[in-house]
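[1] Following is a predicted model, sequence given first.
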Amino acid sequence: MLGGPVTSSAVETAVLALERAQILFSVALGLVALLITFFAVYVAWTTMWGNRWYPKGRPGDDAGTSERAA
């Protein structure tokens, strides 16, 4: 065999390295998902409060009606 026989300690080391890589990847993926989620919430929040998607209208007016309809 090339490199000698495979021992149980070599297999355990390889499995631990794989598990460690999977854990690091999972943590990194979770952080990216949280970052995207927080950014999406931030964008939705600022557009609502920035009066871009939901106009307030004048006091006493119905916000759901158009000014041209009057």
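    Alright, I've got the coordinates.
[2] Checking Pro5 next. Helix, strand or coil?
    Following DSSP: H, G, I helix; E, B strand; the rest coil, Pro5 is assigned to coil.
[3] Count the neighbours of Ile36 for me.
    A total of 10 residues lie near Ile36 under the criterion other CB atoms under 10 Å. The way it works is simple: take the backbone N, C-alpha and C, and place the C-beta from them, glycine included.
[4] what residue ranges in this structure are flagged as low confidence?
    For the chain, the stretches with pLDDT under 70 are 1-4, 6, 49-70.
[5] Which residue ranges of it form helices?
    8-49 (DSSP state H).
[6] how much space between Thr7 and Arg20?
    If you measure Thr7 against Arg20 using CB to CB, to the nearest Å, the figure is 20 Å.
[7] scratch that, Val27
    From Val27 to Arg20 the distance is 11 Å (CB to CB).
[8] before we move on, what about Ala44?
    In terms of CB to CB, Ala44 sits 37 Å off from Arg20.
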